[in-house]
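Asker: Everything below, folded, please.
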Amino acid sequence: GNPIWKNRVESWKEKDKKKKKKKSAPKTENEAPIPPEQQIEEIQSSEAAAAEPLSVIIPVSKTRLTPYRIVIVVRLIILGLFFHYRVTNPVDSAFGLWMTSIICEIWFAFSWVLDQFPKWSPINRETYIDRLSARYERPAEPSQLAAVDFFVSTVDPLKEPPLITANTVLSILAVDYPMDKVSCYVSDDGAAMLTFESLVETADFARKWVPFCKKFSIEPRAPEFYFSQKIDYLKDKVQPSFVKERRAMKRDYEEFKVRINALVAKAQKTPDEGWTMQDGTSWPGNNSRDHPGMIQVFLGHSGAHDIEGNELPRLVYVSREKRPGYQHHKKAGAENALVRVSAVLTNAPFILNLDCDHYVNNSKAVREAMCFLMDPVVGRDLCYVQFPQRFDGIDRSDRYANRNTVFFDVNMKGLDGIQGPMYVGTGCVFNRQALYGYSPPSMPKLPKSSSCCCCPSKKPSKDISELYRDAKREELDAAIFNLREIDNYDEYERSMLISQMSFEKTFGLSTVFIESTLMENGGVPESADPSMLIKEAIHVIGCGYEEKTAWGKEIGWIYGSVTEDILTGFKMQCRGWRSVYCMPLRPAFKGSAPINLSDRLHQVLRWALGSVEIFFSRHCPLWYGFAGGRLKWLQRLAYINTIVYPFTSLPLVAYCTLPAICLLTGKFIIPTLSNLASALFLGLFLSIIVTSVLELRWSSVTIEALWRNEQFWVIGGVSAHLFAVFQGFLKMLAGVDTNFTVTAKAADDTEFGELYIIKWTTLLIPPTTLIIINMVGVVAGFSDALNGGYESWGPLFGKVFFAFWVIFHLYPFLKGLMGRQNRTPTVVILWSVLLASVFSLVWVKINPFISRPDSATISQTCTSIDC
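Answerer: Residues are numbered from 1 along each chain as shown. As a prediction, the model looks like this:
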């Protein structure tokens, strides 16, 4: 409503129109007239090409999906009848055991509903890369494909080996995409000179590796994994020079590995005076907690070209500033720093983030994502494209369910049929505008009095989407156009525009960065001075830049949990954005997983702790994001499931203890079964089996993968999830923060050698204790049956079946505990035996769940005895 603002916008519009007229005038004069027939043919062909979709949805066949849905409904009905029977038929002789089992079973049913119904409408998708090329890469014309900024994050080069990070970077630089459209930003959050020096070596080796990959179209384009493939590498290769050049490249790569290994060996012992660079100056990051921001640009338009003289993608080393007294927010803070740096230097409209151990396995992965993001219909409301995680180096049987096949091939397909998959932290291509907190273009703006939380706020909401939608699209386009005309406007006019829209409080005090947020199609002003951009990039990674802004609260990666990925995706979808799940035939990215039992449990502990933190935060899906009504209900159920699943550990531990208690006391949680009860139990078991079989049928997941997932659900539930719940309560009540350790990314020299390593951790104690007490219970049960005669064997069957259910689920844990030489850490054995013994003795003494006769009954019994 400000008249000065309106006049300014009108003047911008006029300048915009004049500029367009000047540009269009020479074209009309110089171009020769085109015959009408040719014009019609060109229009028809372009319309036909534009009409072809870049991707299609392939729904699951009704013959597979309809029976699956019917069985789910039938199972729900049987569950209702089952609980009616269980509640109306208490076990008076073991009331405590019965009540405990009822509570546990109700929670398990609730968890099943949360997990099952988001899989109601699974879909598959198919992309057409050839159509993408036909539309945006026409002959004799510059490529119209959108630019992409790659983010790679690393912290400790001794735990995340530089060779693995180097392979990830090399696979990015060699991706099948226009070179001038790719930029790779490597975040070194540990400010390690080893990471910087290895990146220097990587940039030098890329000058040879990238043209080799392009020339022979090899896959994958990470040299370590390409040269270690056990396949016929001559298949489909017809160039005579391939063998000779491959041998030379392998030799060059081995020399590159030796140089990286030498750097790693040198970095094992830090000098007392700190590290010194080659020019004799001290390394700025000698104190990893107190150092300035560092940026180094390698390769790219102004950097070194490859050995054939062609331009290479830009490679940028970034280490954000760190000072004592500032909260740096771990990985989420590092990613937000990369968002700002990339916006200042390249400002690609799309961002692809990868962990340092996830290399590009499919060189066309970016094109796969662009089939969705650059589609004018599908991409309009798309915040990100998520790829499934696939892993190398996992043992053949996948003992600890590292592949997470059920989640990535079943749950994520189900979510794709609702509002889209969750963001899982890596292998994801973002729409930059969605990261800035804007709402989708097709969404109507929220009323100004609304709040993102279900509870109305006292102050009027200042949602970023409102700021964005308040300005009319035409006016904003004019403003954006004129922001680029730096020579025509002074600093005062540009700062007036930015302060007028109150963007400083949201994005921070950087006019260059704020200008970039207004450019929906990305890009950097042509008149921008590169040296000025570097200074601005250093400014936006300062440790105090985010203070009193919306970073981490409403924009960028969201703070408040060690699993920042769930929060970030959840906030976007609450604003109405959709996401897409892309599963190309050749996996897009591959990573390494901690196949060691202890490391795997610590990884699961970190994920579960993040979910507990979200549960106790204001972003909990149980109450957050109801005001706009933009998050679909089944999608909300899925998010609720991701934050409540750690709490299943409490009833799970109790339920896994019940079989041992029943065997040791001779009691049971289920009374003598009638015919109706037997039918209910049989129907429940059959519905569980049939549901699993039909799920395998439409998802193509193997039975072994499903069983491994079920086993590790129990193993993780009674160990890592249990500890996560207690740590979450400690953090909430006492403010005790827990630091997570980065899991090692390098495997043992021998194949699956790390699988057999046992490291002491308290997470091993609860499952070991459960195994011991259930084995003791089985032995005690059989002893009682042998002494009790024929009638004792019938009741024993149900109890033993229950105990073996627990032991079979914990079998991979038991196998991992034994290691290669069947050795287990002595401390684990001692603690577990001690806990099992104390539990048994206390149980015999207290016997809490067995009903005791009152004193009157005892006296009456005594008087009836004739001594």
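Asker: Now do stretch 783-793, average pLDDT.
Answerer: Average pLDDT, stretch 783-793: 69.
Asker: For the stretch 301-450 of the chain, which segments count as strands?
Answerer: 314-319, 350-355, 359-360, 382-386, 390-392, 428-431 (DSSP state E, counting those that start in this stretch).
Asker: Pick the most buried one from the ones you listed.
Answerer: Most buried of these, by mean neighbour count (mean count of other CB atoms under 10 Å): strand 359-360, with a mean of 29. Just so you know, the C-beta spots here come from the backbone N, C-alpha and C atoms, and that holds for glycine as well.
Asker: that older thread, so which of the strands of the stretch 301-450 of the chain is nearest residue 145?
Answerer: Closest approach to residue 145 among the strands of the stretch 301-450 of the chain (CB to CB): strand 350-355, 10.1 Å.
Asker: Let's see the closest one as PDB, backbone CA atoms only.
Answerer: C-alpha atoms of strand 350-355 as PDB (Å, rounded to 0.1, in the frame of the first residue of the first chain):
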ATOM      1  CA  PHE A 350      17.900 -27.500  -8.100                       C
ATOM      2  CA  ILE A 351      20.100 -29.000  -5.300                       C
ATOM      3  CA  LEU A 352      21.200 -32.700  -5.000                       C
ATOM      4  CA  ASN A 353      22.700 -33.700  -1.700                       C
ATOM      5  CA  LEU A 354      24.700 -36.800  -1.000                       C
ATOM      6  CA  ASP A 355      26.600 -38.200   1.900                       C
END
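Asker: could the strands of the stretch 301-450 of the chain be laid out in JSON lines, adding distance to residue 229?
Answerer: Listed next are these as JSON lines, based on distance: least, CB to CB, whole Å:
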{"stretch": "strand 314-319", "distance to residue 229": "25"}
{"stretch": "strand 350-355", "distance to residue 229": "21"}
{"stretch": "strand 359-360", "distance to residue 229": "13"}
{"stretch": "strand 382-386", "distance to residue 229": "27"}
{"stretch": "strand 390-392", "distance to residue 229": "11"}
{"stretch": "strand 428-431", "distance to residue 229": "26"}
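Asker: all helices of the stretch 551-700 of the chain, in order?
Answerer: Taking DSSP state H, counting those that start in this stretch as the criterion, the stretch 551-700 of the chain contains helices spanning 564-574, 597-615, 633-644, 649-665, 675-699.
Asker: same for the third one, what does it pack against?
Answerer: In terms of contact count using 3 or more CB pairs under 8 Å, 6 or more residues apart in numbering; DSSP states H and E, helix 633-644 is assigned the packing partners helix 95-116, helix 412-416, helix 564-574, helix 597-615.
Asker: possible to save the ones you listed as a markdown table with mean neighbour count and mean pLDDT?
Answerer: Output for these, formatted as a markdown table (neighbours: other CB atoms under 10 Å; pLDDT from 0 to 100):
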| stretch | mean neighbour count | mean pLDDT |
| --- | --- | --- |
| helix 95-116 | 17 | 91 |
| helix 412-416 | 24 | 92 |
| helix 564-574 | 25 | 90 |
| helix 597-615 | 23 | 88 |
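Asker: Residue 723 touches residue 763, doesn't it?
Answerer: Yes: if you go by CB atoms under 8 Å, residue 723 and residue 763 touch, sitting 6.2 Å apart.
Asker: Mutual contacts of the two, please.
Answerer: In terms of CB atoms under 8 Å, 6 or more residues apart in numbering, residue 723 and residue 763 are both contacted by the residues residue 605.
Asker: could you list every residue that touches the residue nearest to residue 655 when sequence neighbours are not counted?
Answerer: In this structure, residue 655 finds its nearest non-sequential neighbour in residue 104, 4.4 Å apart by CB to CB, 6 or more residues apart in numbering. By CB under 8 Å, 6+ apart, the residues touching residue 104 are 651-652, 654-655, 658.
Asker: Please pick the buried ones from these.
Answerer: Neighbour-count burial (16 or more other CB atoms under 10 Å) is assigned, among the contacts of residue 104, to 651-652, 655, 658.
Asker: okay, those in a markdown table with distance to residue 248 next?
Answerer: Output for the buried ones among the contacts of residue 104, formatted as a markdown table (distance: CB to CB, whole Å):
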| residue | distance to residue 248 |
| --- | --- |
| 651 | 61 |
| 652 | 57 |
| 655 | 61 |
| 658 | 66 |
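Asker: shaky segments in the stretch 401-550 of the chain?
Answerer: 443-502, 525-528 (pLDDT under 70).
Asker: measure residue 219 to residue 184 for me?
Answerer: Separation of residue 219 from residue 184 (CB to CB, to the nearest Å) stands at 19 Å.
Asker: cool, and residue 367?
Answerer: Residue 367 sits 17 Å away from residue 184, taking CB to CB as the criterion.
Asker: of the strands of the stretch 301-450 of the chain, which approaches residue 669 most closely?
Answerer: Among those, the nearest to residue 669 by CB to CB is strand 390-392 (39.8 Å).
Asker: from memory residue 373 sits against residue 148, does it?
Answerer: No: at 9.4 Å, residue 373 does not count as touching residue 148 under the criterion of CB under 8 Å.
Asker: Nearest to residue 267 among the buried ones among the contacts of residue 104?
Answerer: Of all the buried ones among the contacts of residue 104, residue 652 has the smallest distance to residue 267: 43.4 Å, by CB to CB.
Asker: My read is that the closest one contacts residue 717, right?
Answerer: Yes: if you go by CB under 8 Å, residue 652 and residue 717 touch, sitting 4.3 Å apart.
Asker: picking up where we left off before, who's more crowded, residue 367 and residue 184?
Answerer: Remark: of residue 367 and residue 184, residue 184 carries more neighbours, 31 against 23, as counted by other CB atoms under 10 Å.
Asker: what pairs with the one helix or strand the more buried one maps to, and is each one parallel or antiparallel?
Answerer: Applying DSSP states H and E as the criterion places residue 184 in strand 182-188. Sheet partners assigned to strand 182-188 using DSSP bridges are listed as strand 148-154 (parallel), strand 314-319 (parallel).
Asker: Which strand or helix spans residue 298?
Answerer: Residue 298 belongs to strand 294-299 when assigned by DSSP H and E.
Asker: any idea of the mean pLDDT in that strand?
Answerer: Computed over strand 294-299, the mean pLDDT rounds to 88.
Asker: now stretch 807-817
Answerer: 82.
Asker: List of residues touching that stretch?
Answerer: The contact list for stretch 807-817, computed with CB under 8 Å, 6+ apart, reads 399-400, 597, 708, 710-712, 714-715, 718, 755, 758, 764, 767-768, 770-771, 774-775, 778, 824, 828.
Asker: switch to 6 Å and redo it
Answerer: Outside of stretch 807-817, the residues within contact range by CB atoms under 6 Å, 6 or more residues apart in numbering are 399, 597, 711, 714-715, 767, 771, 774, 824.
Asker: same check, this time on stretch 558-569
Answerer: The contact list for stretch 558-569 (CB under 6 Å, 6+ apart) reads 329, 332, 422-425, 552, 557, 571, 606-607, 610, 613-614, 617, 619, 642, 740.
Asker: now do stretch 663-682
Answerer: If you take CB under 6 Å, 6+ apart as the criterion, stretch 663-682 is touched by 81-82, 85, 89, 91, 94, 97-98, 101, 662, 777, 780-781, 799.
Asker: tally of neighbours for residue 80?
Answerer: When neighbours are counted by other CB under 10 Å, residue 80 registers 11.
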